[in-house]
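Visitor: could you work out the structure for the sequence below:
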Amino acid sequence: MKTLVCFGDSNTWGYVPGSNGRRLPREHRWPVRLQAALGEEWEVIAEGLNGRTATVERPDSEGRNGLPYLLPCLHSHAPVDLVAIFLGTNDVNFVDDDRVARCVARLVRVVRGSEAGPSGRAPDVLVVCPPPFDGHALGPSFAAELDCELLDLDGVASYDVVGDDVEHLDEAGHAAVAAAVAARIRA
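Guide: Numbering: from 1, shown residues only. Okay, here's the model as predicted:
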């Protein structure tokens, strides 16, 4: 059996758009849908946290910076065959779009140096780039900055706009992300 860690923010956690903190039922979240698509050959571990950034310390809440947590997370689930990093949506509140890509690239380097994969090697990495939202299109900077497998969600899924909430996937978005990640893994 292979192990996949889905490292992300509220979109990995399953935040209901516009809900002020409600969570989608387990079976509707993209990591659980991905597990169903990949079958028993994979163990899919959802490591989603509301408000998580790639590397930015948030002034409004503790423990949301993904950088210090990523390495212990990987070692706690070792051996890890693949890490899917789906971050960047929250980072745009603190840094410009190009810097978001550099922050995610830093996480990729942590994974590659982790020795948390089979036989002490590094796990493979797939970065899932958020779809365009609220004037931000991270795909071009992710493609330019990241030296790893990249799945850009532009044209694959979109965030459901509910009132002021412009950054969360609805059930259809979760299904689309799971299908796209499964297809990429199979390829």
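Visitor: the residue nearest to residue 178 when sequence neighbours are not counted: neighbour count?
Guide: Of all residues not flanking residue 178 in the chain, residue 33 sits nearest, at 3.5 Å (C-beta to C-beta, 6 or more residues apart in numbering). Quick note: C-beta positions are derived from backbone N, CA and C, even for glycine. When neighbours are defined as other C-beta atoms under 10 Å, residue 33 has 22 of them.
Visitor: which strand or helix spans residue 33?
Guide: Using DSSP states H and E, residue 33 maps to helix 30-38.
Visitor: for that helix, buried residues please.
Guide: Under the neighbour-count criterion of 16 or more other C-beta atoms under 10 Å, helix 30-38 has 30, 31, 32, 33, 34, 35, 37, 38 buried.
Visitor: from these, which is closest to residue 173?
Guide: Nearest to residue 173 among the buried residues of helix 30-38: residue 30, at 8.0 Å, using C-beta to C-beta.
Visitor: convert the one helix or strand residue 167 maps to to CSV, retaining C-alpha atoms only.
Guide: Per DSSP H and E, residue 167 falls inside strand 165-168. Presented in CSV, the C-alpha positions along strand 165-168 are these (Å, rounded to 0.1, in the frame of the first residue of the first chain):
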residue,chain,number,x,y,z
ASP,A,165,-16.5,34.2,0.8
VAL,A,166,-14.6,33.8,-2.5
GLU,A,167,-12.1,31.1,-1.6
HIS,A,168,-13.8,27.8,-0.8
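Visitor: strand partners of that strand, parallel vs antiparallel please.
Guide: strand 160-162 (antiparallel) (DSSP bridges).
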